[in-house]
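> Coordinates for the following, if possible.
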Amino acid sequence: MSNTNENPIWSHVDAKREAFIGLADRVFDTPEIAYTEVRSCAEHTAMLKAEGFRVTQGVAEIPTAVIGEAGEGGPVIAILGEYDALPGLSQQPGLAEPRMIDPSGFGHGCGHNLLGSAAMLAATAIKDWLAAEGIAGRVRYYGCPAEEGGAAKTYMVRDGLFEDVDVAITWHPASFNGVDDARSLANTRIDFTFTGKAAHAAAAPELGRSALDAVELMNIGVNYMREHMPDDARVHYAYLDAGGSAPNVVQAKATVRQLIRARDLKGLSDLVARVRAIADGAALMSGTKVASQVFSAVSNLVGNRPLEEAMQAAFDSLGPVPFDAADMAFAREIRKTLTPEDIADVFHRLSMKPDYDLALCDFIAPLDRPFAGGMGSTDVGDVSWAVPTVQARVATAAMGTPLHTWQQTAQGKAPFAHKGMVHAAKVMAATARSVILSDVLRAAAKKVHLDHLAAFPYTCPIPAETRPPIAAE
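Numbering: from 1, shown residues only. Prediction:
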């Protein structure tokens with residue numbers, strides 16, 4: 001891409017773009033879910049070694065987490081990558097119709113095959129630029145598994161892996177371009193296991209105490225709680241063990257996972273206490289006992305205005321992703337499978353009037369856009385409490401494509417997804433270059449971060465005794 005504001009670090013991205021597009025495609029072809037990303041991590045590790053990074057594997061007691069570092073002295077820049085997939089989203093790439101590769105398989109329905117590859121491409125470009133210019137500084141690529149519900153970054157933060165980092169930078173695939181709005185919900189996943197007493201459900205039900213009844217009573221209590229929660233709080237649940245498939249046996253054991261979300265850590269703590277009280281009440285009513293185990297937890301995102309302004313400048317200098325007519329044609333085919341509500345949602349989040357004719361994003365969202373509501377959760381949140389952090393959103397899919405859908409997976413190897421991935425690497429690399437070269441920017445980012453911590457001290461939402469759920473499915 002020719003640009004009168006050409007950043008000298010962009011050429012280092014372009015020099016290795018094809019190798020990292022290949023990495024993204026290989027990870028797409030071997031989708032693995034939280035904490036099982038053995039092949040995906042191996043691909044990332046091999047690429048780190050090939051590029052000359054100093055590699056540390058199995059960090060934070062997680063076999064599929066890896067760190068690669070390059071450079072000497074100076075500020076430390078962390079670039080965060082991910083590579084986990086999602087269950088049930090197997091999909092043939094390049095088709096604008098649902099067609100599973102494996103009906104029981106996994107798929108990259110959130111674009112993490114692109115996320116990790118672009119992050120490492122950016123880290124490699126920073127490494128090469130530091131070496132070429134003889135500038136003191138270190139870049140560190142964090143290969144982070146299990147973002148989808150596993151909270152690996154929270155464990156990494158808890159283990160002190162970001163203590164010497166000056167700034168963390170990352171991105172996420174999207175259908176638009178812009179600096180991420182640093183709002184997200186803190187959450188925790190807690191498994192509640194009820195233990196009762198088995199009995200013959202017809203001959204002697206009075207001798208039994210149903211753990212399944214306890215789970216259902218708990219869910220009823222949680223559902224009644226919804227009326228009395230803050231508007232932006234959320235609670236979801238899933239049965240992990242319903243007690244078996246025999247209805248003529250009183251179920252002696254059952255487990256439900258409660259996913260509790262709140263605007264911040266304080267609100268999360270309050271809701272968790274209420275959910276635990278409901279579990280105790282369900283056990284009392286059913287004559288069972290209850291035990292709980294935290295599976296994962298993440299904090300809400302903390303914004304950093306100086307870094308956001310630096311990333312916005314990089315976006316404005318680079319411009320939108322350079323899509324072509326062939327890209328637009330496939331994107332239009334995908335758009336035919338989306339509802340008007342899907343398409344309108346992305347514009348609503350950007351506080352813009354929907355453009356139902358725009359197949360691929362051709363603009364950079366303004367930094368100071370009104371907040372339109374609707375938030376998810378991410379373990380990047382805990383990194384943002386540990387170190388000043390900034391995140392980009394870059395178009396890799398047709399406008400309005402919802403994440404966690406077959407449509408997102410179908411676009412995971414599209415040429416326009418590759419272009420968006422390389423664009424994201426340039427945005428991140430340019431932002432890192434600005435941070436490394438400017439003592440003023442680093443100091444400003446650090447002050448904003450420390451001021452926030454002074455007002456809202458951080459407590460890791462995962463208990464100290466909880467280990468990463470490596471054996472979890």
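> CA only for contacts and neighbour counts going forward, please
OK.
> what about the strands in the protein?
Using DSSP state E, the strands of the chain run over 54-57, 66-72, 76-82, 86-87, 106-107, 137-144, 167-174, 178-179, 186-195, 234-241, 253-262, 289-298, 389-395.
> In its sheet, which strands sit next to the fourth one, and in what direction?
Okay, so that is strand 86-87. Partners of strand 86-87 in the sheet, by DSSP bridges, are strand 106-107 (antiparallel).
> quick one: contacts of the partner strand?
When contacts are defined by Cα atoms under 8 Å, 6 or more residues apart in numbering, strand 106-107 is touched by residues 28, 31-33, 85-91, 409.
> Just send those residues back as TSV, with distance to Gln57 and neighbour count too.
Shown next, in TSV, are those (distance: Cα to Cα, whole Å; neighbours: other Cα atoms under 10 Å):
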residue	distance to Gln57	neighbour count
Phe28	22	26
Pro31	20	26
Glu32	18	25
Ile33	19	23
Ala85	20	32
Leu86	23	24
Pro87	25	16
Gly88	29	18
Leu89	28	28
Ser90	28	25
Gln91	31	27
Thr409	28	29
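> now, which of the residues you listed sits nearest Gln293?
Distance ranking of the contacts of strand 106-107 against Gln293, using Cα to Cα, places Ile33 first at 20.8 Å.
> That closest one contacts Glu82, correct?
No - at 11.2 Å, Ile33 and Glu82 do not qualify as touching, with contact defined as Cα atoms under 8 Å.
> Mean pLDDT and distance to Ala24 added to the strands of the chain, as JSON lines?
As requested, those are exported to JSON lines (pLDDT from 0 to 100; distance: least, Cα to Cα, whole Å):
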{"stretch": "strand 54-57", "mean pLDDT": "98", "distance to Ala24": "20"}
{"stretch": "strand 66-72", "mean pLDDT": "98", "distance to Ala24": "17"}
{"stretch": "strand 76-82", "mean pLDDT": "98", "distance to Ala24": "11"}
{"stretch": "strand 86-87", "mean pLDDT": "96", "distance to Ala24": "16"}
{"stretch": "strand 106-107", "mean pLDDT": "98", "distance to Ala24": "13"}
{"stretch": "strand 137-144", "mean pLDDT": "98", "distance to Ala24": "13"}
{"stretch": "strand 167-174", "mean pLDDT": "98", "distance to Ala24": "13"}
{"stretch": "strand 178-179", "mean pLDDT": "97", "distance to Ala24": "22"}
{"stretch": "strand 186-195", "mean pLDDT": "97", "distance to Ala24": "29"}
{"stretch": "strand 234-241", "mean pLDDT": "96", "distance to Ala24": "31"}
{"stretch": "strand 253-262", "mean pLDDT": "97", "distance to Ala24": "30"}
{"stretch": "strand 289-298", "mean pLDDT": "96", "distance to Ala24": "26"}
{"stretch": "strand 389-395", "mean pLDDT": "98", "distance to Ala24": "15"}
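> With distance to Ala325 added, can I get these in TSV?
Below are the strands of the chain laid out as TSV (distance: least, Cα to Cα, whole Å):
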stretch	distance to Ala325
strand 54-57	41
strand 66-72	38
strand 76-82	30
strand 86-87	31
strand 106-107	27
strand 137-144	34
strand 167-174	20
strand 178-179	23
strand 186-195	41
strand 234-241	41
strand 253-262	42
strand 289-298	41
strand 389-395	16
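> For His449, which of those strands is the nearest?
strand 389-395 (8.9 Å).
> which parts of that closest one are buried?
389-395 (16 or more other Cα atoms under 10 Å).
> follow-up on the earlier one: in helices, which of the contacts of strand 106-107 appear?
Members of the contacts of strand 106-107 lying in helices (criterion: DSSP state H): 28, 409.
> What segments of the protein are helices?
For the chain, the helices defined by DSSP H occupy 10-15, 17-29, 38-50, 112-133, 152-158, 211-225, 265-286, 305-318, 325-335, 340-349, 380-386, 406-410, 415-437, 439-455.
> what sits up against the third one?
To tie it back to what came earlier, the one meant is helix 38-50. Residues from elsewhere that reach helix 38-50 (Cα under 8 Å, 6+ apart): 23, 26-27, 30-32, 54-55, 63-66, 68, 83-84, 117, 120, 143.
> For the nearest residue to Gly178 once chain neighbours are set aside, grab the count of nearby residues.
Using Cα to Cα, 6 or more residues apart in numbering and skipping residues adjacent in sequence, the residue nearest Gly178 is Ala365, 4.8 Å away. Ala365 sits with 21 neighbouring residues when counted by other Cα atoms under 10 Å.
> ok, Ala365 - contacts?
Residues near Ala365 by Cα under 8 Å, 6+ apart: 176-179, 350.
> Which two among those residues are spaced furthest apart?
Val179 and Leu350, at 11.2 Å, using Cα to Cα across those.
> Would you mind listing the buried residues in stretch 422-438?
422-436.
> So what touches that stretch?
Contacts of stretch 422-438 (Cα under 8 Å, 6+ apart): 7, 9-10, 13-14, 17, 74-75, 77, 118-119, 121-123, 125-126, 137, 167, 169-171, 307, 310-311, 314-315, 318, 321, 392-394, 441-442.
> Then stretch 146-163?
For stretch 146-163, contacts defined as Cα under 8 Å, 6+ apart pick out 33-35, 59-60, 62, 82-86, 144-145, 295-298, 378-380, 382-383, 386-387, 460, 462, 468-469.
> quick revisit: can you tell me which of the buried residues of stretch 422-438 lies closest to Leu403?
For those, the minimum distance to Leu403 (Cα to Cα) is 17.5 Å, reached by Ala424.
> Please tell me how far Asp382 sits from Ala151.
Counting by Cα to Cα, to the nearest Å, the gap from Asp382 to Ala151 is 9 Å.
> Mutual contacts of these two, please.
Jointly contacting Asp382 and Ala151 under the rule Cα under 8 Å, 6+ apart are Val298.
> contacting residues around the residue lying farthest from the centre of the chain?
For the chain, the largest distance from the centre (Cα atoms, centre = their mean) belongs to Ala203, which lies 50.5 Å off. Ala203 makes contact with no residue under the criterion Cα under 8 Å, 6+ apart.
> cool, and Gly73?
136-138.
> Taking the residues you listed, please make a ChimeraX selection of just the buried ones.
Typed into ChimeraX, the line below selects the buried ones among the contacts of Gly73, using 16+ other Cα under 10 Å:
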select :137,138
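> Can you give the domain ranges for this protein?
Domains of the chain are assigned by automatic domain parsing as 10-184+301-455, 186-297.
> Deepest in the core, which of these is it.
Neighbour counts (mean count of other Cα atoms under 10 Å) averaged over each of those peak at domain 10-184+301-455, with a mean of 21.
> Now find how far off-centre it is within its chain.
9 Å (Cα atoms, centre = their mean, to the nearest Å).
> can you check stretch 171-188 too?
Taking mean C-alpha positions (Cα atoms, centre = their mean), stretch 171-188 and its chain are 8 Å apart.
> What is the end-to-end distance of stretch 203-212?
19 Å.
> what pLDDT, on average, does that stretch get?
Across stretch 203-212, the average pLDDT comes to 97.
> Stretch 334-348 too?
96.
> How far does stretch 154-163 stretch from one end to the other?
Terminal residues of stretch 154-163 lie 13 Å apart, using Cα to Cα.
> and it, what's its mean pLDDT?
97.
> same thing with stretch 16-34?
For stretch 16-34, mean pLDDT rounds to 98.
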